[in-house]
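> I'd like to go over a predicted model; first the sequence, then the structure.
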Amino acid sequence: MIDLPADVVRNKILVPGGAFRKFHEFRSEGEKPRLFFVLNECPEHDQVILLATASTQVKKLKTKWPLEVLVEINIYEYKELDYNSVINCEGARAYQKSDVERWIYNKQIEPVRCLPSHILEKVKKGIANCKVLAPMDKELVLGKEETMD
C-alpha cells in the first residue's frame, strides 16, 4: 500500500464514486477487506456519507433482492475488482463523515480508482428504486428534487 498524505487520500475518496478498500466486519461475515464506494452527490459538503460495498455473492443477492436495486459490475469494466460483483443499493449504509475521516487519518483505508461514471449512474437508478433505504439517505445521492417524485 502506498503511504499517501491523509489530505490527498481524503480528496481522492470524498468525491462522487470515490472508492477505497478497508478491512470491515458485517454481522453475518467476519472481518475481511471490502471495497466501498461513496454514493453522495456532494460528499465534500455532506456530514453523512452513504457507502455501498461490492459483493461477489451475485447469485445469492439476485434471489433475495429485486433486480432494480442491484448493479452488476464485471471485472472488465472496473479493474479494481478481483471477481464479477454486485452492489446492492438497499444495503448502502450511512456513516458520519467524521468516521470516514478518522479511517483516513488512521490509515485504515486504501484509496482505489473511482467508480466509473456509467456505473455510478446505474447505482443512482438503483438507489431511486430502493424501498427500504431511508428518504434522507436517498437524498444524499439523488438530491432533494429527485426524492420527492
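It's in. Residues are numbered from 1 along each chain as shown.

> all contacts plus neighbour counts: C-alpha atoms, from now on.
Fine.

> what is the longest helix anywhere in the chain packed up against?
Ordering each helix of the chain by length in residues (DSSP state H) puts helix 117-128 first. Contact here means 3 or more C-alpha pairs under 8 Å, 6 or more residues apart in numbering; DSSP states H and E; on that basis helix 117-128 packs against strand 70-73, helix 135-142.

> need those in a markdown table (columns: mean pLDDT, distance to Lys125 and mean neighbour count).
Output for those, formatted as a markdown table (pLDDT from 0 to 100; distance: least, C-alpha to C-alpha, whole Å; neighbours: other C-alpha atoms under 10 Å):
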| stretch | mean pLDDT | distance to Lys125 | mean neighbour count |
| --- | --- | --- | --- |
| strand 70-73 | 97 | 9 | 21 |
| helix 135-142 | 95 | 9 | 20 |
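
> looking at these, which is closest to Arg34?
Arg34 lies closest, by C-alpha to C-alpha, to one member of the helices and strands packed on helix 117-128: strand 70-73, at 14.9 Å.

> average model confidence for the very next helix or strand once past that closest one?
Note on strand 70-73: by DSSP states H and E, the next helix or strand toward the C-terminus is strand 85-88. For strand 85-88, the mean per-residue pLDDT is 96.

> off-centre distance for strand 85-88?
10 Å (C-alpha atoms, centre = their mean, to the nearest Å).
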